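**Student:** Here is my input; please provide its structure:
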Amino acid sequence: MKFTTDIVIGLEIHVQLDTKTKLFCGCATKGSEEPNTRTCPACLGFPGSKPVLNKRAVDYALRLCLALGCEISPKLIFSRKSYFYPDLAKNYQISQYEIPLGLSGELRLSDWKMVGITRVHMEEDPASLIHTKSTGASAYVLVDYNRSGIPLCEVVTEPDMASPDQARDFMKRLMTVLSYLDIFDEQTCVIKADANISIKESGYVRSEIKNITGFKEIERALFYEVERQKIAVRSGEKLMQDTRGWDAEKGMTFHMRAKETEADYGYILDPDLVVTEIPSEWLKQVKASMPELAEDKIRKYVETHKIAQLDAEVIAQERKLAELFEKVAKEVDPVLAAKWMRRELVRVMSFNKITFHDLLVDEKHLIELLSMVEKKEITEQVAQKIMEELVVKPFSPRQYVEKHGLKRVAETGALLKVCEEVIKENKNVVEEYLAGKEKSFQFLVGQVMRKTKGAASPQEVNELLRKLLKSKS
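**Tutor:** Next up, the predicted model:
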């Protein structure tokens, strides 16, 4: 493959599927966290034990393949990937190699770059290795087989990304897809990535960084590795293709072993698992169970609701925000709803460190608040203050406005009276303004807004004050 960019990145992402039981046995995927308690002869690889395929896991994997636009294999075939490591009790992992479940998909990044999906295949998770210190410093390692056999989908991308930022964006976009499909629980499931990275200066000699957890860590690991490779080339070192680990504590990668080739794994078809047919009727049922995805929502928001592309992108990327927006947009102007939910709601949640998973406010409160803004019953300043309190503790915005006298001062007569009071009470400031000190005018505006508790339109206040002060010049 001929590369043209300074940096070339491809990802292999392992997604834990949110099933109740493991991929090839009835052991629970969640529950007791006591080490080695959620196990059985099948997931421990005892002689004579036989794997039995979890249909729900296949349904979830098919959803992911379809969402990524993959071609679906008509047959599901599993192989044994042989390697000897403490996390594999039977010395091989049940995976897919010759014929993956999905081929040739794609996923769009926020900069509109399309990243190709080489393949999506199913496999079982190995056991957990518990290090007493950082990965490279532990004197020994403990093994917990509770994780062994948990269903995974591996998403392998083309080497289409040209920066750590794009790799992080890909992960975020993939998480959005997983969230919409209801096949991954952010609270309990794990997503890890192996990153393949090379630079132009070395002739694109590739290093693979194994088992990076978290979007920020993927970006950190890739930035470090780019710099490491550049320094190595500048110092005259000849880079060799290798597999590296990521030490998050030290913020650096470290050499693990020479990079394996596919032949090193000695793939063979698993004789204990029969070929599973995937008929068109099964695919139809899976397609029927799939929700409207983020890309479809973005198109709908722009074309039907006429909201800005950026607002549509931000709203659709967070499933719970999109669901909330669609409920509010049925009762309030969608453009207004998009503006407030994409900016103000997200701003206040971020300030209070509240996630959509924890958000208590519902569409009823937001419709009530934004309806008053739409009808100009309250000013935007008042609405912002109410939003700040509403996110922390839900209440009726309309009752709150009535209780605190925050209804918009819409009558020019009433506002004129307040402006006259402010001018009378601040004669020195008025004189400063008339002498050319513009900042004094902003002080007077602030006094009017304070007296009206923010219930006056700043534009109307400006116009009235300037008219009154002009008559005194």
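**Student:** which SS class is the residue nearest to Pro41 when sequence neighbours are not counted?
**Tutor:** Nearest residue to Pro41, sequence neighbours excluded (CB to CB, 6 or more residues apart in numbering): Ser49, at 3.9 Å. The way it works is simple: take the backbone N, C-alpha and C, and place the C-beta from them, glycine included. Using DSSP: H, G, I helix; E, B strand; the rest coil, the structure places Ser49 in coil.
**Student:** if I look at the nearest residue to Leu129 once chain neighbours are set aside, how far off is Thr132?
**Tutor:** Closest residue to Leu129 apart from its sequence neighbours, by CB to CB, 6+ apart: Val141 at 5.1 Å. In this view, Val141 and Thr132 are 8 Å apart by CB to CB, to the nearest Å.
**Student:** Pick out whichever of these two has more residues nearby.
**Tutor:** Comparing Val141 with Thr132 by other CB atoms under 10 Å, the one with more neighbours is Val141, at 13 against 10.
**Student:** Touching, that one and Ile130? I think so.
**Tutor:** Yes: counting by CB atoms under 8 Å, Val141 does reach Ile130; the two are 6.6 Å apart.
**Student:** returning to what we had before: return the residues in contact with the residue nearest to Pro41.
**Tutor:** Residues near Ser49 by CB atoms under 8 Å, 6 or more residues apart in numbering: 40-42.
**Student:** quick one: which of the residues you listed is nearest to Gly446?
**Tutor:** Cys40 (70.3 Å; CB to CB).
**Student:** Quickly note the distance from the residue nearest to Pro41 to Pro279.
**Tutor:** Per CB to CB, Ser49 is found 29 Å from Pro279.
**Student:** could I get stretch 69-76 in PDB with only the CA atoms?
**Tutor:** Extracted C-alpha coordinates of stretch 69-76, given in PDB (Å, rounded to 0.1, in the frame of the first residue of the first chain):
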ATOM      1  CA  GLY A  69     -22.100  -0.600   6.200                       C
ATOM      2  CA  CYS A  70     -20.300  -4.000   6.100                       C
ATOM      3  CA  GLU A  71     -21.000  -6.800   3.700                       C
ATOM      4  CA  ILE A  72     -22.300  -9.700   5.800                       C
ATOM      5  CA  SER A  73     -20.900 -13.200   5.400                       C
ATOM      6  CA  PRO A  74     -23.600 -15.800   4.800                       C
ATOM      7  CA  LYS A  75     -21.900 -18.200   7.200                       C
ATOM      8  CA  LEU A  76     -20.400 -17.700  10.600                       C
END
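**Student:** Which member of the contacts of Ser49 is positioned nearest Leu66?
**Tutor:** Nearest to Leu66 among these, with distances taken as CB to CB, is Ala42, at 29.0 Å.
**Student:** On the three-state scheme, the closest one is what?
**Tutor:** Counting by three-state DSSP, the backbone at Ala42 sits in coil.
**Student:** Likewise for Gln187?
**Tutor:** coil.
**Student:** Now it. Nearest residue, chain neighbours left out?
**Tutor:** His357 (7.2 Å).
**Student:** measure the one you found to Lys30 for me?
**Tutor:** Note on His357: its distance to Lys30, by CB to CB, is 17 Å.
**Student:** cool, and Arg56?
**Tutor:** Distance, Arg56 to Lys30, by CB to CB: 14 Å.
**Student:** Find the residue ranges of this structure scoring beneath the pLDDT cut-off.
**Tutor:** Per-residue confidence for the chain (pLDDT under 70) gives these ranges: 1, 134-137, 259-263, 408-413, 472-473.
**Student:** For this protein, give the helix that spans the most residues.
**Tutor:** If you go by DSSP state H, the chain has its longest helix at helix 215-234.
**Student:** can you map out the helices along the stretch 201-350 of the chain?
**Tutor:** All helices of the stretch 201-350 of the chain, identified by DSSP state H, counting those that start in this stretch, fall at 215-234, 280-289, 294-303, 309-317, 319-329, 334-339, 346-351.
**Student:** Could you list the buried residues of stretch 47-60?
**Tutor:** 51, 53-54, 57-60 (16 or more other CB atoms under 10 Å).
**Student:** no no, stretch 12-21
**Tutor:** 12-19, 21.
**Student:** Just the residues contacting that stretch, thanks.
**Tutor:** 27-30, 54, 56-57, 60-61, 64, 125, 150-157, 171, 174, 178, 182-185, 188-196.
**Student:** redo that, cut-off 6 Å
**Tutor:** 29, 56-57, 60, 150-156, 183-185, 189-194 (CB atoms under 6 Å, 6 or more residues apart in numbering).
**Student:** re earlier: adding mean neighbour count and distance to Val430, write the helices of the stretch 201-350 of the chain out as CSV.
**Tutor:** Listed next are the helices of the stretch 201-350 of the chain as CSV, based on neighbours: other CB atoms under 10 Å; distance: least, CB to CB, whole Å:
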stretch, mean neighbour count, distance to Val430
helix 215-234, 18, 53
helix 280-289, 12, 69
helix 294-303, 18, 48
helix 309-317, 19, 42
helix 319-329, 20, 44
helix 334-339, 20, 36
helix 346-351, 15, 36
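**Student:** what about the residue positioned nearest the centre of the chain, is that helix, strand or coil?
**Tutor:** Nearest to the mean C-alpha position of the chain, by CA atoms, centre = their mean, lies Lys172 at 4.0 Å. Three-state assignment for Lys172 (three-state DSSP): helix.
**Student:** Skipping its backbone neighbours, what lies nearest it in space?
**Tutor:** Among residues not flanking Lys172 along the chain, Phe215 sits closest, at 6.1 Å (CB to CB, 6+ apart).
**Student:** Now that the one you found has come up, it's in contact with Arg173, right?
**Tutor:** No: checked against CB atoms under 6 Å, the pair Phe215 and Arg173 is beyond contact range at 10.7 Å.
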